[in-house]
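Colleague: Next comes the sequence, and after it the predicted model I'd like to discuss.
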Amino acid sequence: MNSTLFVLASLDGLSYAALVFLVSVGLSLIFGVLRIVNVAHGSLYAFGAYLAASLSLLVTPISPWLTYPALLVASLVIGIVAGGLIERLLLSRVYGREEVLQLLITFAVFMIMDNLQRMIWGVQPIYAAEPLKLLPNVSIFGVSYTSYQVIVLPAVAVLALFGLRYFLRRTLMGSVILAVTEDREAATAIGINAQKVYLITFIIGATLAALGGALASPTTSLVPGMGTEMIVLSFAVAATAGLGQIEGTAITALAIGMARAFVIYLQPEFEVLVPYLIMVAVLLVRPEGLFGATKLRKI
Amino acid sequence: MASRSPALAWMLAAVVVAAGVIPILIPSMATLVVLILAKGIVVLGIIILLQAGQVSFGHAMFFAAGSYTAGFWGKYLGVGDLMTYLVVGPVVATLLGLLVGLFVVRYREIFFGMLNLAFSMVLWSLLEKMFHLTNGADGMRVPRPTVFGMTFSPDNFQYVLLYLTLAIAIAATFAVQRFLESPTGNMLRAIKSNETRLEYLGVSARRILLIGYVISAGLGGIGGVLVAVAQQIATPEFAYWTKSGEFVFIAILGGVGNALGAFAGSAVFELVRFYASAQLANSWQLILGVVLITIILFAPNGLIGLWKRQRAARDES
């Protein structure tokens, strides 16, 4: 592998890791607070991507620069509307029920959204690369790469990482969320509305998934299976990091993104295997994930 | 357990008669009934694990192991015998189950589910990427096998397959019901209610779960062989995580308290899919999703639970 390929693979890995991080951290946050693995998370990612592409294509004739706000609007709409509906109508009814039922209700949402996606946007690939083309290319160690992918995407990911950290650790709402996570009963006893906390958390997580999809839409063609692939990948990242670990998710997303990018250049047929092999290897040694805390057994 | 009640025994008899007779009247139903029964057999395995409170989101890997056994046999060894498939397929699935099981039984709940998912996705991508061995995403054709060395015409073969599947399904149902009522089955349930106390009794919870896991993997293999033979193909999709989700879905739909639930759930699932995809082009997933939500929110014990509740209400009045 020569130096050009090395730089190329690193940049691929970086831009990919940024997207994966956004989706995974949303999944991890939802699990950390609601204790539910959201199987429909990949569908929120796909909906974010498709809506962003539709809006982009809609505003491009007016001014191509409007596509950037379109990406943001799409993720907020999906996050707040779809996320809010899922939490209020369905999840809020299964809190405290058996884990398998909670998992399956999000699986049902996945089935419905997957079907809706095909009804609304069809099965033909959709391209909306305007936001990618507007920004100039940058040259990094002699390799020309789109600045959208190596600057904008990582910047958004870093912003999301620090934004989440600040929100959870420095704001009142963040403290309230952490309190509910720590001990729901005690938090409710001092007057915290746990229902509201769950709703807000789910909306934030869903918005992050949709944002990941919206930002990914200019870089790839949108195809029906994109959500199903993303959900297992973000599971792998979140579980490898340790569910509920925000910083850990960032590091793991970077590691898995990089590993995948290098494997694509070296041994393309094993690309899909990488995240799962890493996940299996890590969980066999550290069941709680790389950054997770050990859980005590209760009698 | 409930299968001892006469009402359920009658229902079992009715189901068996329906599965055996309807396809004679409507020949086009034969393959559909085979699929229902075969998937029901896989779901029996999911129900075993659910007794221990563990949900596997990767059981499709054993299903695929059974299907691909038939596929590989057909491609590399020539047309085989259905009986050979039905022995070798489950053996392969069981061995795979032992191998994976040794790892995953150390984990519980979400980690158990996710590790299973990861293993099945590894198998899925291997099946898809090893193009020269497995034909990749196109899948492997499974030519119509002989049965006990005899060759059948397509029409006759579908009935042979149907009654064989029915016999296996009945045997598997009784075997699983017996297993769940056995001491090991009860210990399996104890993993769900209180694993630590189970271990205080000197029982290795991991060993118990491994036994259940390996049995469920074998059942997955049987179902996989039958579906591959019925559809004459094995594709990587058989190992994909959505397939695993489907099996868990069917288990919840039917009701996990009873082995019969597997077939009730499977019948509703396949019938909805069959008729919805025929009548309302491409919305079967949406309909099934809504059915699943309705079941979870309003009938957490599944169809069998609904049926029992109705009977209880009628007996009271």
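Modeller: Perfect, I can see it now.
Colleague: So, low pLDDT: which residues of chain A?
Modeller: Residues of chain A that meet the criterion pLDDT under 70 lie in A:1, A:293-299.
Colleague: repeat that with 50
Modeller: Chain A contains residues with pLDDT under 50 at A:296-299.
Colleague: That one: strands as residue ranges?
Modeller: Assigned by DSSP state E, chain A shows strands spanning A:137-140, A:143-146.
Colleague: now the first one, how far from the centre of its chain.
Modeller: Looking back up the chat, that one is strand A:137-140. 26 Å (C-alpha atoms, centre = their mean, to the nearest Å).
Colleague: can I get the strands of chain A in a markdown table with mean neighbour count and distance to chain B?
Modeller: Just so you know, the C-beta spots here come from the backbone N, C-alpha and C atoms, and that holds for glycine as well. Below are the strands of chain A laid out as a markdown table (neighbours: other C-beta atoms under 10 Å in any protein chain shown; distance: least, C-beta to the nearest C-beta, whole Å):
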| stretch | mean neighbour count | distance to chain B |
| --- | --- | --- |
| strand A:137-140 | 13 | 31 |
| strand A:143-146 | 17 | 27 |
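Colleague: Just send the ones you listed back as JSON lines, with distance to A:Leu168 too.
Modeller: Formatted as JSON lines, the strands of chain A follow (distance: least, C-beta to C-beta, whole Å):
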{"stretch": "strand A:137-140", "distance to A:Leu168": "33"}
{"stretch": "strand A:143-146", "distance to A:Leu168": "32"}
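Colleague: closest to A:Tyr45 out of the ones you listed?
Modeller: Smallest distance to A:Tyr45 across the strands of chain A (C-beta to C-beta): 20.9 Å, for strand A:143-146.
Colleague: got the residues of the stretch 151-299 of chain A near chain B?
Modeller: Contact residues, the stretch 151-299 of chain A versus chain B (C-beta under 8 Å from any C-beta of the partner chain): A:228, A:232, A:235-236, A:239, A:243, A:269-270, A:272-273, A:276-277, A:279-280, A:283-284, A:287, A:297-299.
Colleague: Counting neighbours, which of these end up buried?
Modeller: A:228, A:232, A:235-236, A:239, A:243, A:272-273, A:276-277, A:279-280, A:283, A:287 (16 or more other C-beta atoms under 10 Å in any protein chain shown).
Colleague: A:Leu27: which of those residues is nearest?
Modeller: Checking those one by one against A:Leu27 (C-beta to C-beta), the nearest turns out to be A:Phe235, at 7.0 Å.
Colleague: how close does the closest one sit to A:Ala52?
Modeller: Using C-beta to C-beta, to the nearest Å, we find A:Phe235 at a distance of 23 Å from A:Ala52.
Colleague: Give the buried residues for the helix or strand where B:Gly97 lies.
Modeller: Assessed by DSSP states H and E, B:Gly97 sits inside helix B:82-104. Across helix B:82-104, burial judged by 16+ other C-beta under 10 Å covers B:82, B:84-86, B:88-90, B:92-94, B:96-97, B:100-101, B:104.
Colleague: Quick one: the strands in the stretch 201-317 of chain B, in order.
Modeller: Ranges of strands in the stretch 201-317 of chain B, per DSSP state E, counting those that start in this stretch, are B:233-234.
Colleague: of all the residues in it, which ones are close to chain A?
Modeller: By C-beta under 8 Å from any C-beta, the residues of the stretch 201-317 of chain B that approach chain A are B:240-242, B:245, B:248-249, B:252, B:282-286, B:288-290, B:292-293, B:296-297, B:300.
Colleague: repeat for the stretch 51-200 of chain B
Modeller: For the stretch 51-200 of chain B, the contact set with chain A under C-beta under 8 Å from any C-beta comprises B:53, B:55, B:57, B:103, B:106-107, B:109-111, B:113-115, B:117-119, B:121-122, B:125-126, B:128-130, B:194, B:196-197.
Colleague: Just these: which are in helices?
Modeller: Per DSSP state H, helices hold the following members of those: B:103, B:109-111, B:113-115, B:117-119, B:121-122, B:125-126, B:128-129, B:194, B:196-197.
Colleague: If we only consider the buried ones among the residues of the stretch 151-299 of chain A next to chain B, which is nearest to B:Val227?
Modeller: A:Thr228 (20.7 Å).
Colleague: Was I right to think that closest one contacts A:Met111?
Modeller: No: using C-beta atoms under 8 Å, A:Thr228 is not in contact with A:Met111; the gap is 10.6 Å.
Colleague: Convert the C-alpha atoms of stretch A:254-272 to CSV, please.
Modeller: The C-alpha coordinates for stretch A:254-272 follow below in CSV (Å, rounded to 0.1, in the frame of the first residue of the first chain):
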residue,chain,number,x,y,z
LEU,A,254,-13.4,6.3,14.3
ALA,A,255,-11.6,2.9,14.8
ILE,A,256,-14.3,0.9,13.0
GLY,A,257,-14.6,3.6,10.2
MET,A,258,-10.8,3.5,9.7
ALA,A,259,-10.5,-0.3,9.8
ARG,A,260,-13.3,-0.6,7.3
ALA,A,261,-11.8,2.0,4.9
PHE,A,262,-8.4,0.2,5.0
VAL,A,263,-10.0,-3.2,4.5
ILE,A,264,-11.9,-1.8,1.4
TYR,A,265,-8.5,-1.0,-0.2
LEU,A,266,-6.8,-4.2,0.9
GLN,A,267,-9.4,-6.9,0.9
PRO,A,268,-12.7,-5.5,-0.4
GLU,A,269,-14.8,-8.6,0.0
PHE,A,270,-14.3,-8.5,3.8
GLU,A,271,-15.5,-4.9,4.2
VAL,A,272,-18.8,-5.9,5.7
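Colleague: List the buried residues in that stretch.
Modeller: A:254-264, A:271-272.
Colleague: chain center to that stretch, what's the gap?
Modeller: 19 Å.
Colleague: ok, back up a step: using ChimeraX, make a named selection holding only the buried ones among the ones in helices among the residues of the stretch 51-200 of chain B next to chain A.
Modeller: In ChimeraX syntax, the buried subset of these is picked out as below (16+ other C-beta under 10 Å):
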select /B:110,111,113,114,115,117,118,119,121,122,125,126,128,129
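Colleague: The closest residue to A:Gly142 other than its chain neighbours - how many residues pack around it?
Modeller: What sits nearest to A:Gly142 in space, not counting adjacent residues and going by C-beta to C-beta, 6 or more residues apart in numbering or on different chains, is A:Thr4, at 6.7 Å. Using other C-beta atoms under 10 Å in any protein chain shown, A:Thr4 has 11 other residues around it.
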